[in-house]
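**Student:** What would the 3D arrangement of this be:
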Amino acid sequence: MIPPAADLATSRAQLLSAAEEAGAVLASYLHPRPGPDGEPLSADTARFGAPIGAARAVVLVSSGLHGVEGHAGNGVQQLLLGSGRLAALPDDVAVVLVHAVNPYGFAWSRRVDHENIDVNRNFVDYADLPENPRYADVDPILNPTELDPDDRSFLGDLMAFWSEVGDDVAFRTISGGQYSHPRGVQYGGQGASWSRRTLEQIWDRELAGAEEAVAIDVHTGLGPLGRLTVFQTADAAEPAAEAGAAWFPEHIYRADRTGSVDHGLMGPGLDEWAAGRLATATFVLEVGTHEPTEGVSVFRADNWLHHHGDPSSEVGRRIRQQVRDFFFVDDPGWRTDVADQVLAAVHTTLDGVERRQGSGPVGVR
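**Tutor:** Numbers count the residues shown, from 1 in each chain. Take a look at the predicted model:
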């Protein structure tokens, strides 16, 4: 099973110490803001296998893009290190662990970053931002100026909106990202976030000289409790879609790039961004936690806390704990489910990449 959740400083130290002992090449990217105790924050990479410039294929395993979801991702990365797999890679393959893509969110128990940006919604064209015309209708519900953490009556108003507009519009409005309310939920930003800029640096550095890359990003929160879903945005005719169907037949959920609801399952535009940086397949490995209505309550309380409350207060500590508990189920059964399913998916990805030595771009043989 993955280890219990620990604070970012402890999780980071454990991972980097083990990676360095295993012979990884490490790099760190300092964040401009401190953590809750004034500690410095950073995103980090640990590279195994072929050095930069000598790899035919690179597999990137990232965690913490949605900050607080990094607890599970860190656990998976630790288990992958402990498995010994990274010490036996083919000469032309590299694996790069990207830890705490959004270290501020990880440290502060938030999904978003220090600018309230949902990094998963930040990979867009800022000259032509995605539209979310109904978000203004729900912002007063999801972004209150006063909050009772135990009051769930707002769900009635939200369900009334859902009934009015239907499933597609409601889902896109609430969860699809919005770019008009900087203090609202699911805010995608008006420019490149620190995490996006840092990922661009990491990918440009680590993929130099490679012919192909596969990116897998570990998330928690969406789907049935303890169940792995592998999300992919790719058209049916693409080799990446063929690989997804072959590698993860029991778990894959694929949406075409033209899908009206599911465009950009890694976040609107991230798949196109990744393709522009050599990635031939991108997957989100998502393990379910609690009911969606509880998730909405948690997002709403967290958003209120950091705009109108005091994170260091008793209520603030309680809300931060609720956020962490939603995204990391501190139960041995759930932690075992994460370890078994997500680690198996990572190994399956490595198997697929390694079998294709010299066989061309992502696909199946």
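**Student:** Please make it C-alpha for all contacts and neighbour counts, starting now.
**Tutor:** Will do.
**Student:** Tell me where the model's unsure across the chain.
**Tutor:** Residues of the chain meeting the criterion pLDDT under 70: 257-268, 357-365.
**Student:** ok, 90 please
**Tutor:** 128, 130-131, 149, 168, 171-172, 175-176, 232-240, 254-280, 355-365 (pLDDT under 90).
**Student:** Show me where it has its strands.
**Tutor:** Per DSSP state E, the chain carries strands over the ranges 25-30, 42-49, 57-63, 93-99, 212-225, 228-233, 252-255, 279-288.
**Student:** Give me the distance between residue 232 and residue 338.
**Tutor:** Here residue 232 is placed at a distance of 19 Å from residue 338 (Cα to Cα, to the nearest Å).
**Student:** likewise residue 351?
**Tutor:** Using Cα to Cα, we find residue 351 at a distance of 19 Å from residue 338.
**Student:** swap in residue 14?
**Tutor:** According to Cα to Cα, residue 14 and residue 338 sit 19 Å apart.
**Student:** quick one, which of the two is more surrounded?
**Tutor:** Counting neighbours by other Cα atoms under 10 Å for residue 14 and for residue 338 shows that residue 338 has the greater number, 26 against 14.
**Student:** And the residue nearest the centre of the protein?
**Tutor:** By Cα atoms, centre = their mean, the mean C-alpha position of the chain lies nearest to residue 65, the distance being 4.0 Å.
**Student:** That one is in contact with residue 120, isn't it?
**Tutor:** Yes - assessed by Cα atoms under 8 Å, residue 65 is found in contact with residue 120 at 7.0 Å.
**Student:** what do the two both touch?
**Tutor:** Listed contacts common to residue 65 and residue 120 are nil; contacts here mean Cα atoms under 8 Å, 6 or more residues apart in numbering.
**Student:** residues making contact with stretch 116-136?
**Tutor:** Residues contacting stretch 116-136 (Cα under 8 Å, 6+ apart): 65-66, 102, 111-113, 172-174, 176-179, 182-183, 186-193, 195-196, 266-270, 273.
**Student:** buried subset of those?
**Tutor:** Using 16 or more other Cα atoms under 10 Å as the burial test, those include 65-66, 102, 111-113, 172-174, 176-179, 183, 186-190, 192-193, 195-196, 266-270 as buried.
**Student:** Restricted to helices, list those.
**Tutor:** Members of those lying in helices (criterion: DSSP state H): 172, 173, 174, 195, 196, 270.
**Student:** Residue 349 contacts residue 247, doesn't it?
**Tutor:** Yes - in this structure, residue 349 is within contact of residue 247 by Cα under 8 Å, at 7.0 Å.
**Student:** returning to that earlier point: got the ones in helices among the buried ones among the contacts of stretch 116-136 as TSV, with distance to residue 355 columns?
**Tutor:** Below are these laid out as TSV (distance: Cα to Cα, whole Å):
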residue	distance to residue 355
172	39
173	42
174	41
195	32
196	31
270	27
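**Student:** closest to residue 37 among these?
**Tutor:** Checking these against residue 37 with Cα to Cα, the nearest one is residue 195 at 21.0 Å.
**Student:** Can you tell me how far the closest one is from residue 179?
**Tutor:** As defined by Cα to Cα, residue 195 lies at a distance of 17 Å from residue 179.
**Student:** Do you have the helices of the protein handy? List them.
**Tutor:** Going by DSSP H, the chain shows helices at 8-21, 70-82, 103-108, 135-142, 154-165, 167-175, 194-206, 239-247, 270-275, 292-308, 314-327, 332-355.
**Student:** chain center to the first one: distance?
**Tutor:** Okay, so that is helix 8-21. A distance of 19 Å separates the centroid of the chain from that of helix 8-21, by Cα atoms, centre = their mean, to the nearest Å.
**Student:** What lies in contact with that helix?
**Tutor:** Counting by Cα under 8 Å, 6+ apart, 26, 46, 71, 74, 77, 78, 81, 99, 103, 106, 107 sit against helix 8-21.
**Student:** What remains of those if I keep only buried residues?
**Tutor:** Of the contacts of helix 8-21, these count as buried by 16+ other Cα under 10 Å: 46, 71, 74, 77, 78, 81, 99, 103, 106, 107.
**Student:** Which members of these are the farthest-apart pair?
**Tutor:** 81 and 107 (22.4 Å).
**Student:** ranking the strands of the chain by burial, who's on top?
**Tutor:** strand 57-63 (a mean of 27; mean count of other Cα atoms under 10 Å).
**Student:** neighbours of residue 356, just the number please.
**Tutor:** Neighbour count of residue 356, defined by other Cα under 10 Å: 15.
**Student:** what's the distance between it and residue 285?
**Tutor:** 22 Å.
**Student:** go on, residue 342?
**Tutor:** Residue 342 is 7 Å from residue 285, by Cα to Cα.
**Student:** Could you tell me which residues touch both of these two?
**Tutor:** In contact with both residue 342 and residue 285: 218, 228, using Cα under 8 Å, 6+ apart.
**Student:** Provide a list of residues in contact with residue 67.
**Tutor:** Contact analysis of residue 67 by Cα under 8 Å, 6+ apart lists 100-107, 109-113.
**Student:** Kindly recompute the last result at 6 Å.
**Tutor:** 102, 105, 106, 110, 111 (Cα atoms under 6 Å, 6 or more residues apart in numbering).
**Student:** same thing with residue 254?
**Tutor:** 231, 232, 233 are the contacts of residue 254 under Cα under 6 Å, 6+ apart.
**Student:** Residue 324 too?
**Tutor:** So residue 324 contacts residue 109 (Cα under 6 Å, 6+ apart).
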